[in-house]
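# could you work out the structure for the sequence below:
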Amino acid sequence: MNKAKLLIGIIAGTAAGAALGILLAPNKGSSTRKRIYNEGDSFLHKLSDKFANVIDGFSDQLFSAKEKVQNVVKNGKTELIENESRLDDRAKKLV
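Now for the predicted structure:
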């Protein structure tokens, strides 16, 4: 979780620095607005890609965890059936 916060902080700091640099640059208003639009558009694409990668990572981890749980349940059922069979055999020997 700390890595995600660090990534968000770095991205936010970079965006704020870029915006301040553009706003304080000695250019015409129309040129500045165009640069802000282009920088913002580029930033949104990069941010979208980063979030897509994070989501993919979470999806992979979730899928892996699901498979592990399914294996534990499957192994538990198998073990339960084997133990039940052993108990039945013991019970038959007692009778």
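
# what's the separation between the residue with the shortest distance to the centre of the chain and Ala4?
With distances taken as CA atoms, centre = their mean, Phe58 lies nearest the centre of the chain, 3.2 Å away. Phe58 is 10 Å from Ala4, where distance means CB to CB, to the nearest Å. All C-beta spots, glycine's among them, are computed from the backbone N, C-alpha and C.

# likewise for Asp41?
Distance from Asp41 to Ala4, by CB to CB: 24 Å.

# in the protein, which spans are helices?
2-24, 29-94 (DSSP state H).

# hey, least reliable of those by pLDDT?
Set side by side, the helices of the chain give their lowest mean pLDDT on helix 2-24, at a mean of 81.

# how long is stretch 24-35 end to end?
In terms of CA to CA, to the nearest Å, the two terminal residues of stretch 24-35 are separated by 12 Å.

# pull out the buried residues from it.
By neighbour count on 16 or more other CB atoms under 10 Å, the buried set for stretch 24-35 is Arg35.

# run through who's touching it.
22-23 (CB atoms under 8 Å, 6 or more residues apart in numbering).

# could you do stretch 44-62 as well?
Contacts of stretch 44-62 (CB under 8 Å, 6+ apart): 4, 7, 11.

# which one (most neighbours) among these?
Ile11 (15 neighbours; other CB atoms under 10 Å).

# where's that residue relative to Lys5, distance?
11 Å.

# before we move on, what about Ala91?
Ala91 is 58 Å from Lys5, by CB to CB.

# before we move on, what about Ser85?
In terms of CB to CB, Ser85 sits 52 Å off from Lys5.

# and what of Gly13?
For Gly13, the distance to Lys5 - CB to CB - is 12 Å.

# got it, and Leu20?
22 Å.

# ok, now Asn83?
Relative to Lys5, and taking CB to CB, Asn83 is found at 47 Å.
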